[in-house]
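Peer 1: Sharing a sequence plus its predicted fold:
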Amino acid sequence: MDNEYILKMAGISKAFPGVKALNKVDFNLKKGEVHAVVGENGAGKSTLSKILTGAYKKDEGSIILDGKEVELLDPKHSLNLGISGIYQEFNLIPNLSIAENIFLGREPRTRSVFVNFPELYQNAEYFLKKIGIKKKPQTLVGKLNVAEQQMVEIVKSLSLSSKILIMDEPTSALTESEKNTLFEIIRNLKKRGVSIIFISHIIDEVLEIADRVTVLRDGGYIGTLNISEATPDKIVKMMVGRELKNFYPKEKLKRGEIVLEVKHLTKRDKYEDISFQLYSGEVLGFAGLVGSSRSEVMRGIFGIEPPDSGEIYIRGKRVEISSPSEAIRLKMGFVPEDRRGEGLILTRSVKDNITIAYLPWINSYGFVKQKDEEKITANYGDDLKIRATSYRQMVRDLSGGNQQKVVLAKWLATKPKILILDDPTRGIDVGTKSEIYSLINNLIKEGIGIILISSELSEIINISDRIIVMREGITAAEFSKEEANQELIMHYCFSGEMEV
Ligand SMILES: Nc1ncnc2c1ncn2[C@@H]1O[C@H](COP(=O)(O)OP(=O)(O)OP(=O)(O)O)[C@@H](O)[C@H]1O
Ligand SMILES: [Mg+2]
């Protein structure tokens, strides 16, 4: 019976200075199963996976791999034992081909030490075909999109004959159809007897792809369910320790005056003739597929990559926004999509990150008060329940979702009148999501105008007062909350022609 399990972890603990990331966690994995791990931000999911990939050492507990107890010493050791991890930040080299990346350091050689390219390409082709990827092995990795790069990582682990594949939030940068491809590959791997650990915040996904799900909370093991007995409510209750009522607390308010108007914004090869108005006290949602240029338009308005032509008015006054600092001065805030790249200084503290955008603003009074900074940090940090040992902790050491909360706090601290949120709840757990929605609700009550881009349709529909659909750089349609539904929006995302 015991050989049904490829992996048994028992009593695993791991502490970092000031925080017990894992406390006597049990986790086991059957051969050929997809086992999801869920839990709130900071629950310990990534830490558990990093112990398996050898990136972190456990403090206590035992790991039994294929019936034998092992000590996982470092990433190379884990790889040799057949454990691969696939993370959001890939380990690929952009100016090498797919094949070279897959077999990096293990290339077939001709007798005279040169790489045997025909054989290299042939081997790569074999693995690419095996999981149904149509790309040529000669293609440079730098030319691939995120989804394709992820697939190269998967192929790489497959070629290493990994028995255990760990995916930490693998769908967070994928479009719907890329996600479906990934799921097909996962099913395919399962058939080959590979066991998969699937970490995700998206419960629907977990129910779709997993065989079992394990819930962690505050570093502790809560339980494991078979998917057949799992429901979203059950999982969420285990995750947050209570039932979540009123998930979308958004109220409808009477909208105020126009706070932002853009006319005919155009940027070559990106977007064309974008015009809309944003009122105070409303949430204006932007729906669209990845690549529809929603983020580009917002980056244009915020002065990161200004448009080629078009006009921007703030409360009726024409403005030129040529840089983000100009936008901040005009009381705009922007929570970017790529939080690690654009939103944060990873090697600085939570406090420094939260107060950094606010600084030009307090500076206009002449000086920055240390006390003010601390108060502001505590204010927003507590509101958003940022999980850190202290607000002096480096942002790099926070869990992914908590990093996202720091970006949000930073922009709230500037007290913007216009706030652009680009996929603000991606990677954020359900409990906190609901808190962010109430926060949005409170902000519009204060008269802020909010633009919301989201990859989750149900979020857009439930939170927005009006919805603009973008497709390939143009505005395809606009709906009021009452008119909008998922089908209608999807229709305009894809084609835009209505059948009557
Ligand atoms: N290198 C580190 N140094 C200090 N603390 C860390 C480190 N890595 C993780 N932690 C802490 O351990 C706890 C668990 O973090 P972990 O990244 O495992 O959470 P998670 O469940 O993956 O969360 P998320 O859903 O936000 O990604 C958090 O409190 C985090 O701040
Ligand atoms: Mg994580």
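Peer 2: It's in. Residues are numbered from 1 along each chain as shown. Ligands and ions are numbered 1, 2, ... in the order given.
Peer 1: In the helix or strand hosting I6, which residues are buried?
Peer 2: Element membership of I6 [criterion: DSSP states H and E] is strand 5-16. For strand 5-16, burial by neighbour count (16 or more other C-beta atoms under 10 Å) applies to Y5, I6, L7, K8, M9, I12, S13, K14. In short, each C-beta sits where N, CA and C put it, glycine included.
Peer 1: got the contact list for the fourth one?
Peer 2: Which is K8. Applying C-beta atoms under 8 Å, 6 or more residues apart in numbering, we find K8 in contact with F27, N28, L29, S62, I63, I64.
Peer 1: Now do the residue of the stretch 251-400 of the chain found nearest ligand 2 against Q138, distance only.
Peer 2: Closest to ligand 2 within the stretch 251-400 of the chain is G400: 4.4 Å, counting by C-beta to the ion. Distance, G400 to Q138, by C-beta to C-beta, to the nearest Å: 34 Å.
Peer 1: Show me which of those two is the more surrounded one.
Peer 2: Between G400 and Q138, counted using other C-beta atoms under 10 Å, the more crowded position is G400 (21 against 14).
Peer 1: Now do the contacts for that one.
Peer 2: Counting by C-beta under 8 Å, 6+ apart, G400 makes contact with N41, S46, E169, G427.
Peer 1: which regions of the stretch 251-400 of the chain lie under the pLDDT threshold?
Peer 2: Scanning the stretch 251-400 of the chain for pLDDT under 70 picks out 339-341, 358-369.
Peer 1: where does it come near ligand 2, residue by residue?
Peer 2: S399, G400 (C-beta under 5 Å from the ion).
Peer 1: Show me where the stretch 251-400 of the chain has its strands.
Peer 2: Here the stretch 251-400 of the chain has its strands, by DSSP state E, counting those that start in this stretch, at 258-267, 271-279, 283-288, 309-314, 317-319, 332-335.
Peer 1: deepest of the ones you listed, which one?
Peer 2: The highest average neighbour count among the strands of the stretch 251-400 of the chain, using mean count of other C-beta atoms under 10 Å, belongs to strand 283-288 at a mean of 27.
Peer 1: What ranges does the stretch 401-500 of the chain have for its strands?
Peer 2: Along the stretch 401-500 of the chain, counting by DSSP E, counting those that start in this stretch, strands occupy 418-422, 449-453, 466-471, 474-480.
Peer 1: and the residue in the stretch 201-350 of the chain that ligand 2 sits nearest to, how many residues sit next to it?
Peer 2: With C-beta to the ion as the measure, H201 is the residue of the stretch 201-350 of the chain nearest to ligand 2, at 9.1 Å. Other residues lying near H201 total 25 when counted by other C-beta under 10 Å.
Peer 1: secondary structure class for it?
Peer 2: Put simply, H201 is coil when judged by DSSP: H, G, I helix; E, B strand; the rest coil.
Peer 1: and it, what is it in contact with?
Peer 2: When the contact criterion is C-beta under 8 Å, 6+ apart, the partners of H201 are V38, E169, G401, G427, I428, D429, V430.
Peer 1: I440: which of those residues is nearest?
Peer 2: Here the nearest of these to I440, counting by C-beta to C-beta, is I428; it sits at 12.8 Å.
Peer 1: From what I see, that closest one and G401 are in contact.
Peer 2: Yes: counting by C-beta atoms under 8 Å, G401 is a contact partner of I428 at 4.9 Å.
Peer 1: May I have the beta-bridge partners of the closest residue to ligand 2 within the stretch 101-250 of the chain?
Peer 2: Per C-beta to the ion, the residue of the stretch 101-250 of the chain with the smallest distance to ligand 2 is D168, at 5.9 Å. D168 has the following beta-bridge partners by DSSP bridges: I199.
Peer 1: Please apply the same query to V335.
Peer 2: Going by DSSP bridges, V335 forms beta bridges with L421.
Peer 1: Now do stretch 225-233: everything it contacts.
Peer 2: Contacting residues not belonging to stretch 225-233 are listed as 203-204, 206-207, 210-213, 215, 234-235, 238, 243 [C-beta under 8 Å, 6+ apart].
Peer 1: buried subset of those residues?
Peer 2: Buried, going by 16+ other C-beta under 10 Å: I203, V206, A210, D211, R212, V213, V215, I235, M238, out of the contacts of stretch 225-233.
Peer 1: want to throw these into TSV with secondary structure, pLDDT and distance to N353?
Peer 2: Below are the buried ones among the contacts of stretch 225-233 laid out as TSV (DSSP: H, G, I helix; E, B strand; the rest coil; pLDDT from 0 to 100; distance: C-beta to C-beta, whole Å):
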residue	secondary structure	pLDDT	distance to N353
I203	helix	89	29
V206	helix	95	31
A210	coil	97	34
D211	coil	98	39
R212	strand	98	37
V213	strand	98	33
V215	strand	97	30
I235	helix	92	31
M238	helix	92	31
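Peer 1: Restricting to the residues you listed, which residues neighbour ligand 1?
Peer 2: Among the buried ones among the contacts of stretch 225-233, no residue is within reach of ligand 1 (C-beta under 6 Å from any ligand atom).
Peer 1: now, which of these sits nearest L419?
Peer 2: Nearest to L419 among those, counting by C-beta to C-beta, is I203 at 27.3 Å.
Peer 1: Contact partners for the closest one?
Peer 2: Counting by C-beta under 8 Å, 6+ apart, I203 touches V38, P232, I235, V236, V430.
Peer 1: and those residues near ligand 2, which?
Peer 2: Applying C-beta under 5 Å from the ion to these, one finds that nothing falls near ligand 2.
Peer 1: In helices, which of the residues you listed appear?
Peer 2: Mapping the contacts of I203 onto helices (DSSP state H) picks out P232, I235, V236, V430.
Peer 1: What's the ChimeraX syntax to select whichever of the residues you listed are buried?
Peer 2: Only the buried entries of the ones in helices among the contacts of I203 go into this ChimeraX selection, using 16+ other C-beta under 10 Å:
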select :235,236,430
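Peer 1: Using TSV, please lay out the ones in helices among the contacts of I203 together with distance to Y391.
Peer 2: Listed next are these as TSV, based on distance: C-beta to C-beta, whole Å:
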residue	distance to Y391
P232	33
I235	31
V236	28
V430	25
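Peer 1: Among the ones in helices among the contacts of I203, which has the minimum pLDDT value?
Peer 2: For those, the model is least confident at V430; its pLDDT is 83.
Peer 1: thinking again about what came up before, which one of the contacts of stretch 225-233 is nearest to ligand 1?
Peer 2: Distance to ligand 1, by C-beta to the nearest ligand atom, is smallest for V215 among the contacts of stretch 225-233, at 11.0 Å.
Peer 1: Can you tell me who that closest one pairs with across the strands?
Peer 2: V215 has these beta-bridge partners by DSSP bridges: V38, G223.
Peer 1: Could you double-check that it sits in contact with E40?
Peer 2: No: between V215 and E40 there is no contact, the gap being 9.7 Å when judged by C-beta under 8 Å.
Peer 1: Of the ones in helices among the contacts of I203, just say which sits nearest to ligand 1.
Peer 2: V430 (10.9 Å).
Peer 1: Mind putting the buried residues of strand 5-16 into CSV with distance to ligand 1 and pLDDT?
Peer 2: CSV is the format used below for those (distance: C-beta to the nearest ligand atom, whole Å; pLDDT from 0 to 100):
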residue, distance to ligand 1, pLDDT
Y5, 23, 95
I6, 22, 97
L7, 18, 97
K8, 20, 97
M9, 14, 98
I12, 12, 98
S13, 12, 97
K14, 8, 97
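Peer 1: so which strand or helix has F183?
Peer 2: helix 176-191.
Peer 1: Residues touching that helix, excluding its own?
Peer 2: Contacts of helix 176-191 (C-beta under 8 Å, 6+ apart): 32-34, 131-132, 147, 150-151, 154, 158, 165, 170-171, 174, 196, 198, 205, 208-209, 289.
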